[in-house]
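**Q** Fold the following, please.
(2 chains, ligands or ions: 2)
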Amino acid sequence: MSDDVILRMENMVKTFPGVVANAGINLEVRRGEIHCLLGENGAGKTVLMSTLYGLYHADAGSIIYKGQPVQIRSPKDAIRQRIGMVHQHFMLVPTLTVAENLILGQYRYWQRLSQMERAKAEIRRLGEEFGLRIDPDAVVGRLSVGEQQRVEILKALYHGIDLLILDEPTAVLTPQETSQLLGFLRELADKGLTIIFITHKLEEVMQVSDRVTVLRDGKDVATLNTAETSPRELARLMVGRDVLMEMPERQGEPGEVVLAVQDLCVENERGLRVVDGVSFEVREREIVGIAGVAGNGQSELALALAGLMPIHSGEVRLNGQVLREWTPRQVSQLGLAHVPEDRHGMAIILPFSVSNNFVIHSFGDEPFSRHGFLNFSRIREYAQRLVREYDVRLVSVDDPISSLSGGNQQKVVVARELNREPRLLLVNQPTRGIDIGATEFVRQRILAQRDRGSAVLLISTELEEIFHLSDRILVMYEGKIVGEVPPDRSLLDKIGLMMAGHRAEA
Amino acid sequence: MSDSRSDILALAEERKALSVEAPASGLRRRWQVLLWSTLGPIAAILAAFVVSGLMLLVAGFDPLFAFATLLRGAFGDLRVISEVLLQATPLMLIGVGLAVAFRSNIWNIGAEGQFYAGAVLSTIAGIYLGMLPAVVLVPLVLVLGFVGGALWGVLAGWFKVRFGASEIVTTIMLNYVAIIGTGYLVTGPMIEQAGTYPQTAKVAEAARLYRFLPPTRLHIGFLLALVFAVIVYVLLFKTSTGYAIRAAGHNQTAARYAGIDVERTVLLAMGISGGAAGLAGAIQVSGLTFRLYQQISPGYGFTGIAVALLAGNHPLGVILSALLFGALRSGSEVMQISAKIPSVLVFVVQGLVILSVVSYGVYQMKLFGRLRVAKEG
Ligand SMILES: Nc1ncnc2c1ncn2[C@@H]1O[C@H](COP(=O)(O)OP(=O)(O)OP(=O)(O)O)[C@@H](O)[C@H]1O
Ligand SMILES: [Mg+2]
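**A** Ligands and ions are numbered 1, 2, ... in the order given. Below you'll find the model as predicted:
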């Protein structure tokens, strides 16, 4: 029995100033299994795996890998031990090509040329073998998120590995991409690769894993065979209570029109029409959900509404005001709050402190600034209040936001935007990367915002989320709105068809 | 070309990734960081001395004597020290300005040209407005210097904002324009009355800076540079304008999203960094040379880049790194003359000192994350 244990981490301890991220974690992973790591935001999953990958150095504990105690001091050591990792936030260089990214930092200058050819051939071979087709000469920054994910996985596989760690790989994927990825992981595991998989989505755990280890507050609370457990039990282990996903009934009826979009067209930088004649309205006290497979124009629609992408033609009316060339500042003065989908790229400034990130829109206004000077104590108080309200787990609001776990960074963004008392709340993938408890909380806050009279436009690739929150659902396909449906679960199949491009029969 | 550029970008990404780690909170940790960040550079300088000493030995010189003259040339007596401070003055101003540009992620390589632009404007005022009293003329000369440099900088910023032209290219080209333009002025329209040398006449007495420590040449320009560094520090870290500049520098997309006018911050950062270099030019003319000539800057604008980077683009850090560079510059001049060390070897010594301090900086970054991260406020 014990010789099919490939990895044993014993009593792992890792502290940061003021926090114990891992407080003595034991983890045992068997050869060829898919082992899920589950836990709330800040439970210590990323830190544990980063330690295994040599990015952090444990304060105490031992790692026994393939029967030998090992010291992993850097990712290079990890690669030498045939361990690969796909990070929660991508670590690719967007300006380089796929092949260049693969060999980056691995070889001497004079070896790069020859390695480049090998890399390209290998990318094609892996692509063939696993159906992960990707152009080795494509520039990474131009790829979709799903494709970038594949590059990350290819990068890990390229070095030849026996153990693959994936930190929330599905958080940024569409349901289609997710099921593709899960199928692919199963295939890898059947070929003998061992996989450690971090996720917040219990269905994925149930679907793909052989065993699960649940972490809570930096400790392992249980390791279970997936076949012998249930989502409910896992949720209880994770959060320490039952998570009820029942949502309150809506109070009151929709009111005046807040956002009116008429024949909106948006073109991307290559001149392609990515939003193509879209018309809809969002009223006070109403949540309109936009469903669709990622990449069908939802992102661009959101950016255009937020003033971050030029409107090609058509009319957008916010609070009755028509604006053609509006800036983010103007839209936000008209009462728009926006939770963007790209957390690291747009929503936060990583090296800035948590408190500075809370005032990203309002640092120049009273009371956070006076006569041009920042009022740090006011900013800090404000941040501390929201941190308490949203249960953001951190040591100090003065620490850089980059020291927060991914889900806690997202909570900061959501708290900041919801707290602006917007007329129109534009939320794009609001619960991406946050744990089930916090997801429930954030969803309730969005509903509460609606009941306080805001108009809410919700964009999500998770149908689950759309159904939970929306009062009306619009389906987008290839830049057009192909139909509207009520949030009735019996219509799930119909929506699925519409998302795949079948028009709603009138 | 494109390959080396992508290498640089890769490196920049790597730096970013590093900067993201490990906040320095906790009192004990702060002290640790402080200790390392003071002892570290000193150790680095000593290491550089050992290595370059060996090289001097191999080349047949007495390293101890050479370093003794270097130190004497940097700290020997009041006169020598004052020369160090004078050398440090333009570097400090330029370095502080560049720190602002670099922090907003703008690669201003044009401080040299901006220095000249400032020097030209202030010389014109200093010569032709000589009838004004000193209380008016001195401030006017300084302000014009700042304005000249700022305009030169904003021009490059405008090219970037309006046409998307890389500021690296435009600022370098504007360097040539300013330097050659100065050459034209001092050999043609503005050449001194006697006309023997390619230089302008001296600026009026009333345009000259007060020398507060006679018999040394130390003038109030040095104090102005210190004050300027503090002002820029406050601007960057304590004001909403500074917040916008830093935000746009770290993440332009997020800055746009936050409603910050990114174009404005580009122009502003170029204006401040150009203005600082222009002010350095004005101070050089009105405090030291009293006239303009083609070689008035021995490359201050380029050394300033190293000064800013060594200081991690922190305005207060720039004060120290400018002093280090100033000391190296004047110390090695003396080393060259009194210890008869060939200038090539002198450059090697200088280079090694800078290199080892910089590498210590990188090492320290890996150890603690950037100190700055904690200070981002
Ligand atoms: N570099 C760091 N500096 C300081 N604290 C850190 C650092 N990295 C993580 N932490 C802290 O360690 C704890 C565990 O973080 P970790 O990233 O492992 O959480 P996680 O389980 O991956 O959460 P999530 O699901 O949100 O990604 C958190 O409290 C976090 O704030
Ligand atoms: Mg994590």
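**Q** Select the longest helix from the chain.
**A** You didn't pick a chain, so chain A it is. helix A:109-130 (DSSP state H).
**Q** that's the wrong chain, I meant chain B
**A** helix B:27-58.
**Q** how far away is A:Val387 from A:Asn419?
**A** 11 Å (C-beta to C-beta, to the nearest Å). Where you see a C-beta, it was placed from the backbone N, CA and C, and this is true even at glycine.
**Q** Mind checking which of these two has more residues around it?
**A** More crowded of A:Val387 and A:Asn419, by other C-beta atoms under 10 Å in any protein chain shown: A:Val387, with 21 against 17.
**Q** Skipping its backbone neighbours, what lies nearest the more buried one in space?
**A** A:Val397 (6.1 Å; C-beta to C-beta, 6 or more residues apart in numbering or on different chains).
**Q** Contact partners for that neighbour?
**A** A:353-355, A:358, A:380, A:383-384, A:387 (C-beta atoms under 8 Å, 6 or more residues apart in numbering or on different chains).
**Q** Quick check on those residues: which are buried?
**A** A:353-355, A:358, A:380, A:383-384, A:387 (16 or more other C-beta atoms under 10 Å in any protein chain shown).
**Q** what's the first-to-last distance across stretch A:64-78?
**A** Stretch A:64-78 has an end-to-end distance of 13 Å (C-alpha to C-alpha, to the nearest Å).
**Q** Report the buried residues of it.
**A** A:65, A:70, A:72, A:75, A:78.
**Q** Distance of whatever residue of the stretch 151-300 of chain B ends up closest to ligand 1 relative to B:Arg264?
**A** Closest contact between the stretch 151-300 of chain B and ligand 1, by C-beta to the nearest ligand atom, is at B:His250 (17.3 Å). Counting by C-beta to C-beta, the gap from B:His250 to B:Arg264 is 16 Å.
**Q** Neighbour count for those two, which is higher?
**A** Using other C-beta under 10 Å as the criterion, B:His250 and B:Arg264 rank with B:His250 on top: 20 against 15.
**Q** any idea how far the closest residue to that one other than its chain neighbours is from A:Ile434?
**A** Among residues not flanking B:His250 along the chain, A:Ile349 sits closest, at 5.0 Å (C-beta to C-beta, 6+ apart). Distance of A:Ile349 to A:Ile434, computed by C-beta to C-beta: 20 Å.
**Q** how far does stretch A:236-245 sit from the chain's center?
**A** 21 Å (C-alpha atoms, centre = their mean, to the nearest Å).
**Q** A:Ile195: what secondary structure?
**A** Assigned by DSSP: H, G, I helix; E, B strand; the rest coil, the conformation of A:Ile195 is strand.
**Q** you'd agree it is up against A:Arg31?
**A** No - counting by C-beta atoms under 8 Å, A:Ile195 stays clear of A:Arg31, with 10.8 Å between them.
**Q** per-residue pLDDT, the residue nearest to A:Val387?
**A** For A:Val397, the model assigns a pLDDT of 94.
**Q** repeat for B:Leu18
**A** 36.
**Q** Which residue, other than its chain neighbours, is closest to A:Glu465?
**A** A:Thr431 (6.5 Å).
**Q** and that neighbour, how many neighbours does it have?
**A** A:Thr431 has 28 nearby residues by other C-beta under 10 Å.
**Q** Could you report the pLDDT at it?
**A** Looking at A:Thr431, its pLDDT stands at 89.
**Q** right, and it touches A:Ile466 too?
**A** No - in this structure, A:Thr431 is not within contact of A:Ile466 by C-beta under 8 Å, at 11.6 Å.
**Q** What helix or strand is residue 356 located in?
**A** Picking chain A for this. Taking DSSP states H and E as the criterion, A:Asn356 maps to helix A:354-358.
**Q** that answer is for a different chain, and I need it for chain B
**A** helix B:343-368.
**Q** helices or strands up against that helix?
**A** Applying 3 or more C-beta pairs under 8 Å, 6 or more residues apart in numbering or on different chains; DSSP states H and E, we find helix B:343-368 packed against helix B:2-19, helix B:27-58, helix B:300-310, helix B:315-338.
**Q** Quick one: residues contacting the residue in chain A that ligand 2 sits nearest to.
**A** Residue nearest to ligand 2 within chain A: A:Thr46 (3.2 Å; C-beta to the ion). A:Thr46 makes contacts with A:88, A:167, A:198, A:405-406, as judged by C-beta under 8 Å, 6+ apart.
**Q** Which of those has the largest number of neighbours?
**A** A:Ser405 (25 neighbours).
**Q** Phi first, then psi, for the closest residue to that residue other than its chain neighbours.
**A** Spatially, and ignoring its direct neighbours in sequence, A:Ser405 is nearest to A:Gly42 (4.4 Å; C-beta to C-beta, 6+ apart). With angles defined as degrees, to the nearest 10, A:Gly42 sits at phi 90, psi 10.
**Q** so how many other residues sit close to A:Gly42?
**A** Neighbour tally, A:Gly42, other C-beta under 10 Å: 25.
**Q** which residues of the chain score low on pLDDT?
**A** You didn't say which chain, so I picked chain A. A:1-3, A:105-112, A:130-131, A:243-251, A:503-506 (pLDDT under 70).
**Q** wait, chain B
**A** In chain B (pLDDT under 70), the answer is B:1-30, B:32-34, B:36-37, B:361, B:364-377.
**Q** about what we covered before: wait, the residue nearest to B:His250 sits on B:Ala247?
**A** Yes - the pair A:Ile349 / B:Ala247 is scored as a contact, 5.5 Å apart, by C-beta under 8 Å.
**Q** Give me the common contacts of those two.
**A** With C-beta under 8 Å, 6+ apart as the test, A:Ile349 and B:Ala247 both reach A:360, B:254-255.
**Q** how far away is the closest residue to A:His344 other than its chain neighbours from A:Gly406?
**A** Nearest non-adjacent residue to A:His344, counting by C-beta to C-beta, 6+ apart: A:His89, 5.6 Å away. Between A:His89 and A:Gly406 the computed distance is 7 Å (C-beta to C-beta).
**Q** need the residues of chain A near ligand 2, please.
**A** Applying C-beta under 5 Å from the ion, we find that chain A lies next to ligand 2 at A:46, A:88, A:405-406.
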